[in-house]
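J.: Just a sequence and a predicted model for now, questions to come.
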Amino acid sequence: MPALVFLRSRFGFSFLSPKSVFIAFIWAQVLFSVYAWLEQGAWPKYWAIAGFGLGASILYTLHLSVAFSRELARKGKHDFYSGTSHLLRLPGFSQFRGNQKFETLLHLWFEPFLIFASAGILRGFFAEHRLSLWLLFVAAAMCLKEFINYWYGIRSEKKHEDIIEDAEEKMPGGGTFAEIPLPVAGTRKPRARRAPQGAASDAELRFAEVLRLMPPYSLEQAEANYRQLIKTIHPDANEAVIGANEKTAAINEAIEYFRRALGD
């Protein structure tokens with residue numbers, strides 16, 4: 001994290017964890033820097049580590065404050081968002097913001113290479129061996145961490161696709177949307193209490209079929225299926241589709257039901 005705060009911004013709140021460890025690190029870094037400055041002959045040896053650590057402490061505190069305020073305002077991109085690279089704000093790179101494949105390559109290879117190059121510059125031109133050695137380990141650790149994140153993303157996407165396929169196989173007509181008994185649009189009822197002992201109500205089962213949900217239901221999965229179904233119904237916003245309005249109304253009613261039921 002001390003290296004990442006120099007490379008990225010707008011971290012998710014939980015990505016900056018564990019807060020207690022980094023707050024302790026910041027306090028220790030301040031004490032070490034004071035020692036290196038006051039102790040005779042210590043600053044020439046430790047100036048790089050002290051400067052890097054103080055900069056990381058200031059940036060981490062700033063990122064944590066921004067992420068905390070965004071969490072309170074419920075505007076955070078997502079909880080574990082790993083940050084936006086500063087390189088994506090430079091001319092020539094800004095058009096790649098939001099491109100998942102490009103960002104993966106950037107985080108997996110380019111940023112670790114920058115840290116590796118920085119370690120070489122410190123060692124070759126400034127004869128600094130302590131910080132440069134630590135940065136070599138950081139470059140390897142960042143590459144490994146981003147590879148784990150990439151692999152986890154692949155598995156999560158595959159799991160979501162499997163859930164959709166399993167749900168469609170269990171539905172009438174082999175998963176054809178037209179075969180689903182749709183609720184009547186515009187007839188929303190007041191929120192009903194859940195049946196005792198976790199039993200699902202008829203309305204809940206009906207809306208779950210509309211959104212291709214399998215128990216146990218979660219708002220996150222409902223929102224993901226909702227977005228995918230809307231794209232299926234409206235592949236082209238400029239081209240009318242027969243029956244699209246009725247299907248859209250049914251899907252909107254279903255997601256509103258789960259937002260009320262699971263959003264508390």
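T.: On my side now, so go ahead. All values reported here derive from a predicted model rather than from experimental measurement.
J.: what's the single longest helix in this structure?
T.: If you go by DSSP state H, the chain has its longest helix at helix 130-170.
J.: helices and strands around that helix, which ones?
T.: Judged by 3 or more C-beta pairs under 8 Å, 6 or more residues apart in numbering; DSSP states H and E, helix 130-170 is in contact with helix 43-72, helix 111-125, helix 219-233. From N, CA and C alone the C-beta is placed, and that goes for glycine too.
J.: so which of those helices gets nearest Phe102?
T.: helix 111-125 (12.5 Å; C-beta to C-beta).
J.: SS state for Pro215?
T.: Taken by DSSP: H, G, I helix; E, B strand; the rest coil, the conformation at Pro215 corresponds to coil.
J.: mind checking the backbone torsions on it?
T.: Backbone torsions of Pro215, given as degrees, to the nearest 10, read phi -70, psi 150.
J.: Tell me how far it lies from Ala222.
T.: Computed as C-beta to C-beta, to the nearest Å, the Pro215 to Ala222 distance reads 12 Å.
J.: Phe93 now?
T.: If you measure Phe93 against Ala222 using C-beta to C-beta, the figure is 35 Å.
J.: about what we covered before: on the C-terminal side of the longest helix of the chain, identify the next helix or strand.
T.: helix 202-210 (DSSP states H and E).
J.: any idea of the mean pLDDT for that following helix?
T.: Mean pLDDT, computed over helix 202-210, is 84.
J.: quick one: low-confidence parts of the stretch 151-264 of the chain?
T.: Residues of the stretch 151-264 of the chain meeting the criterion pLDDT under 70: 167-200, 234-244, 264.
J.: thinking again about what came up before, Pro215 and Ala222: who's more crowded?
T.: With neighbours defined as other C-beta atoms under 10 Å, Pro215 and Ala222 compare such that Ala222 has more, 23 against 10.
J.: isn't the more buried one right next to Leu211, touching?
T.: Yes: the pair Ala222 / Leu211 is scored as a contact, 5.5 Å apart, by C-beta atoms under 8 Å.
J.: which residues are common contacts for those two?
T.: Common neighbours of Ala222 and Leu211 (criterion: C-beta atoms under 8 Å, 6 or more residues apart in numbering): Ala254, Ile255, Phe258.
J.: Export the residues you listed as TSV, with columns for secondary structure.
T.: Formatted as TSV, the shared contacts of Ala222 and Leu211 follow (three-state DSSP):
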residue	secondary structure
Ala254	helix
Ile255	helix
Phe258	helix
